[in-house]
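Participant: The following block contains a protein sequence and its predicted model.
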Amino acid sequence: MNALTDRQAWLFSIKTYLAAVAALYIAMAGNLSRPYWAMGTVYIVSQPLLGPTRAKGVYRIVGTLVAGLATLLVLPALVETPLVLSAAMSIWLAGCLFMALLNRGPRGYAFLLAGYTTAFIGFPAVTSPETIFDTVVARSEEIILGTVVAVLFASLLFPASVRPMLRARIGTWMEDAAQWCRQILERGRAHAPRNRLAADLVQFEALIEFLRRDDPRHAGSAVSMERLRERMLLLLPVLSSIADRLSALRSDGQALPEGLPELIDDLHDWLDGPTNASEYARLRARISALKPQVDRDLQHLQLASLLLRLEELVDLWQDCRTLQHAIDHGTAPLDRAHYRIRTERTAADKHVDYGMALFSALSAGVALMSYCVLWIALGWEGGGNGAMMAAVTAAFFAAQDDPAPSMVSFLVWAMVASVVAGVYLFGVFPAVHDFGLLALVLAVVFLPLGLMLHHPKSALFALPLTVNLAALLSLQNTYSANIQTFLNSSIAMFIGIGFAVVMTRLFRSVGAEWTARRLVRQGWTTLAEAAEGRGQQDRQR
């Protein structure tokens, strides 16, 4: 849909802009030192749906408070030794980033924010460390103000619940799973639906967290989502096993054993139907009736193994349909005996590459430390802004296999933001004499940016453009724009981001193939450990 005719995008943009202007007005009325932080926070926290907005707001406040406390402990003690202070800041950034990469869900944002916010607060204050307490308090006040205003506007003005989107997503996932099941039963193999389903399941954890934040009444749905995720994950190995066994039974042009083709046809039809306990019981009975006596006949062994997997498939699909129905109605079947498949939370644990997480975190720390060494060597008084942006850039894209291209895009849009900010500061703001006119002239740029933030693809460049623009405008109670200060800050920002790009390319960039090889090796290790256990390992995991 075209963004200019997208009603929801316009509603989101107007609502977010009103929240940003309200936060800016309150901060100015309260005589806070940096009202633009509150305005920028509104755009960072606001999401198209209510649940994500609340979740991001909570973790932003937590991350800011932790970062403020860390800055108060570190900066006054080490400000007289710049290299040691830089090393401490770099280690803190790397440690927080490592924890963020281990927690890829929404709560990882708190660790990420705690890491780079120390740079936001600390580095600009190294020339006046006696003001650090006031700076921490001001940052915390403005972040909390912006977050609270963003959440209030999202909750009170046409709140967009996550539930309609969630029902549509689950319907799509179930259709992908059903399509994969049908293709496996028909042809013995299928790749496209499997790949889509595996990719979609990555979103489950974030959606569960967003659902909890969306509305307390949806807590039952969040429980159902967790259980649905566990069972849909188990579909992946079960269907792969069925494909292997069907392929073996059909090898060399052999006909399938008697009764099996009819059973497969009925299973194919059953996958498209609604949840039906009697039909489920009938299929289970038919599968049991086909089980052969296990002897030295290889085909009997293959058939018995196939039927065991078909039993698992039927049980899993019946559970998935039951849980889909529960989510649609906002409830959770709490009786564990209701389910055909027993799962534990460990069965849904994701693979975590500790080595890659540590490597990514250390590379961000090295990038920040390298910039600080250059800054100290040059004796550049305004270099703190660059250190701040180097930390943000290195941390923000650390989860990507090769973050350098995204960092370059971030640098480009930061440059665009500086040009727009320059036009406002020296061409527009001198003619603005009241808050109403200020809000009007800001709307010319921020309303279109809000439209782009509503769409995931355009948000990739709209968010850095919006946030950097809000920071560079430095909106306060009095107009005090200075061309030298503005250029100094902009150049420091460009150098800081550019330095992070260069250090990332030298130290960190790897291709997707490198990551894939690590995943394959980890899979071999897991299989070897399972084989050593002689069947005593956790099969679901």
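Facilitator: That came through, no problem.

Participant: Tell me where the model's unsure across the stretch 351-500 of the chain.
Facilitator: 351, 382 (pLDDT under 70).

Participant: Please enumerate the helices of it.
Facilitator: For the stretch 351-500 of the chain, the helices defined by DSSP state H, counting those that start in this stretch cover 354-378, 384-396, 404-423, 435-454, 456-473, 483-507.

Participant: For the third one, buried residues please.
Facilitator: For helix 404-423, burial by neighbour count (16 or more other CB atoms under 10 Å) applies to Ala404, Ser406, Met407, Phe410, Leu411, Trp413, Ala414, Ala417, Ser418, Val420, Ala421, Gly422. C-beta coordinates here come from the backbone N, C-alpha and C atoms, glycine included.

Participant: Which single one of the residues you listed is nearest to Gly273?
Facilitator: Ser406 (44.7 Å; CB to CB).

Participant: Now the closest residue to that closest one other than its chain neighbours. Its backbone dihedrals?
Facilitator: Nearest non-adjacent residue to Ser406, counting by CB to CB, 6 or more residues apart in numbering: Phe397, 4.7 Å away. Phi and psi for Phe397, reported as degrees, to the nearest 10, are phi -110, psi 20.

Participant: Show me the protein divided up by domain.
Facilitator: Here the domain parsing of the chain from automatic domain parsing is 3-161+353-510, 163-350.

Participant: In TSV: these, plus distance to Glu532.
Facilitator: Listed next are the domains of the chain as TSV, based on distance: least, CB to CB, whole Å:
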stretch	distance to Glu532
domain 3-161+353-510	21
domain 163-350	19
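
Participant: Of all those, which one is nearest Thr526?
Facilitator: Short answer: domain 163-350, nearest of these by CB to CB, at 11.8 Å.

Participant: Measure how far that closest one is from the centre of its chain, please.
Facilitator: Counting by CA atoms, centre = their mean, to the nearest Å, domain 163-350 is centred 26 Å from the centre of its parent chain.

Participant: 760 is where my numbering starts, stick with that
Facilitator: Okay, residue one is now 760; in that scheme the one you just asked about reads as domain 922-1109.

Participant: Name the nearest residue to Ser792, ignoring sequence neighbours.
Facilitator: Per CB to CB, 6+ apart, closest to Ser792 is Ala897, 4.5 Å.

Participant: pLDDT on the one helix or strand that neighbour maps to, on average?
Facilitator: Assessed by DSSP states H and E, Ala897 sits inside helix 891-915. Helix 891-915 shows a mean pLDDT of 91.

Participant: Who are the packing partners of it?
Facilitator: Here helix 891-915 touches helix 766-788, helix 794-804, helix 809-837, helix 867-881, going by 3 or more CB pairs under 8 Å, 6 or more residues apart in numbering; DSSP states H and E.

Participant: That one to helix 867-881, inter-axis angle?
Facilitator: Counting by axes from the mean of the first three to the mean of the last three CA atoms, to 10 degrees, helix 891-915 points 140 degrees away from the direction of helix 867-881.

Participant: State the mean pLDDT of the following helix or strand past helix 891-915.
Facilitator: Scanning forward in sequence from helix 891-915 by DSSP H and E, the next helix or strand is helix 922-946. Per-residue pLDDT over helix 922-946 has a mean of 79.

Participant: buried sites along helix 922-946?
Facilitator: 922, 925, 929, 932-933, 935-944.

Participant: Specify which member of those is nearest to Ser1047.
Facilitator: Distances from Ser1047 to the buried residues of helix 922-946, taken by CB to CB, are shortest for Leu944, at 18.4 Å.

Participant: so the closest one touches Trp1029, yeah?
Facilitator: No - contact criterion CB atoms under 8 Å: Leu944 and Trp1029 do not qualify, at 10.5 Å.

Participant: follow-up on the earlier one: what is the burial count for the residue nearest to Ser792?
Facilitator: 19 (other CB atoms under 10 Å).

Participant: Could you tell me how many residues sit around Asp1112?
Facilitator: Neighbours around Asp1112, by other CB under 10 Å: 15.
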